[in-house]
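In: Here's a sequence, model it:
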Amino acid sequence: MADLFADHDLAPPPAPDAPLADRLRPKQLDEVVGQEHLTGPDGAIGRMVAAGRLSSVILWGPPGTGKTSIARLLADAVGLRFVAISAVFSGVADLKRAFAEARDHARSGRRTLLFVDEIHRFNRAQQDGFLPYVEDGTVTLIGATTENPSFELNAALLSRAQVLILHRLDAAALNKLLDRAEAEVGRPLPLTAEARDALVASADGDGRFLLNQVETLYSVELAEPLDARGLSSFLQRRVPVYDKDREGHYNLISALHKSIRGSDPQAALYYLARMLTAGEEPLYVLRRLVRAAVEDVGLADPQALQQCLLAKDAYDFLGSPEGELAIAQACLYLATAPKSNSAYAAQKAAWKCARETGSLMPPMNIVNAPTKLMRDAGYGQGYEYDHDAEGGFSGADYWPDDLPPQTFYTPTDRGHEKRVAERIAWWEEMRNAKRR
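Out: Here you go, the predicted model:
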């Protein structure tokens, strides 16, 4: 995490006894692993550096993927003063001081790159405070967030910054970090090949976590290299044991999900057992089961989602191994439930339409009218309260004037959705009758 308030122009190189993750921080952009789609010659960052001009950027990605390193190296690459603050620890006074110092440096011809870690933790008013300083060039803002910027950052701030998505580090990138760690320490990791693969899998794409685990391994003298089971015991963390041919983490979770989708409870239970007995994190499996509930079962059986969330609560309450029975029950429920991806397909179609149609105004009869001025202007005029209509259904038109009614959701004839389809058909018949 970035310091509370730090000007890294003056920061010395890491001390020999500094944490391994600090000693292995990349010294130039081409040393950043796993983000070549951004840092390479054709990537957004690569093009900015080649042009010598840097725009404000929001770096969005999982923990331990290089957001802080990229920001620091960008400042070096284009000759900007680098200042880092953390939204977790900083307040309005810190921001004002950062902007004031940036303005002073700008007068002497030195522009500032302001790196804000966990930028989504600033509230909306604090985010608005960045706008004038970004617009007038006092600072070039580099924000880092693990949360979806569309939900967590102001639209005004997003419109002034380019969002760049960082990928979780894959096995190749994580193995590069292990190679660098071995070179830095001067000796190989005390692990068998199988245990090394398990260590990489356990990091789940987080390079910082991986290097912290490596530092723990190097902190003690081991009589012989650890195997995967010994590694799990040593780190006090369940480490997935996967075959050297890498038929592991991603192949097995894919097989589990597709067995559920294909309504094969026996195969689904087998792949669930493969993962949990190998030491996979149960919460990782539960997250995938929740996804399968909404993506592949959906409204054909609305209880499927509830079953998965209850399984998560049961596992939290019981722990392993007893709680794993609740996970198995949720898995079997999903595999034996009627299937529908109608809600999933509807969501994708609706999102696509929303992006393409922009900011169309809803019809005036259904917009909010909290003030007399708005009511006098016609807001809310003509709204029909459905509960007062015959059958509790008014049949009103709820679509923007410039967008004809669309069909995103088409329920199947399976499970609960069969009844939903009947209700939708009845409502459509009533609407058509009203139009006539």
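In: Can you tell me how far the residue nearest to residue 378 when sequence neighbours are not counted is from residue 106?
Out: Nearest in space to residue 378, with sequence neighbours left out and distances taken as C-beta to C-beta, 6 or more residues apart in numbering, is residue 364 at 5.2 Å. Backbone N, C-alpha and C define where each C-beta goes, glycine included. According to C-beta to C-beta, to the nearest Å, residue 364 stands 48 Å off from residue 106.
In: With residue 399 instead?
Out: To residue 106, residue 399 is 49 Å away according to C-beta to C-beta.
In: Looking at these two, which has the bigger crowd around it?
Out: residue 106 (17 against 13; other C-beta atoms under 10 Å).
In: what secondary structure does the more buried one sit in?
Out: Assigned with DSSP: H, G, I helix; E, B strand; the rest coil, residue 106 falls in the helix class.
In: That one is in contact with residue 112, isn't it?
Out: Yes - counting by C-beta atoms under 8 Å, residue 106 touches residue 112, with 7.1 Å between them.
In: what is in contact with the two at once?
Out: Shared contacts of residue 106 and residue 112, defined by C-beta atoms under 8 Å, 6 or more residues apart in numbering, are found at residue 138.
In: give me the number of residues near residue 97?
Out: A total of 14 residues lie near residue 97 under the criterion other C-beta under 10 Å.
In: my bad, residue 178
Out: Counted with other C-beta under 10 Å, residue 178 comes out at 19.
In: what's it sitting at in phi/psi?
Out: Per-residue torsions, residue 178: phi -60, psi -40 (degrees, to the nearest 10).
In: Isn't residue 72 up against residue 82?
Out: Yes - counting by C-beta under 8 Å, residue 72 does reach residue 82; the two are 5.7 Å apart.
In: quick revisit: can you give me every residue that contacts the residue nearest to residue 378?
Out: Counting by C-beta under 8 Å, 6+ apart, residue 364 has contacts 378-382.
In: Equivalent analysis for residue 342, please.
Out: 298-300, 409-412, 417.
In: so where's the longest helix in the protein?
Out: helix 416-435 (DSSP state H).
In: could you give the mean pLDDT of it?
Out: Helix 416-435 shows a mean pLDDT of 88.
In: Okay, buried residues for that helix please.
Out: Buried residues in helix 416-435, counted by 16 or more other C-beta atoms under 10 Å: 416-417, 420-421, 430-431.
In: Could you list the low-confidence segments of the protein?
Out: For the chain, applying pLDDT under 70 flags the ranges 1-13, 236-249, 436.
In: how does it look with 50?
Out: Along the chain, the parts satisfying pLDDT under 50 run over 1-5, 10, 242-247.
In: Domain parsing of it, as residue ranges.
Out: Per the record, the chain has its domains at 5-165, 171-176+184-235, 249-336, 362-435, by automatic domain parsing.
In: Could you dump those domains into TSV and include distance to residue 355?
Out: Shown next, in TSV, are the domains of the chain (distance: least, C-beta to C-beta, whole Å):
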stretch	distance to residue 355
domain 5-165	11
domain 171-176+184-235	28
domain 249-336	20
domain 362-435	13
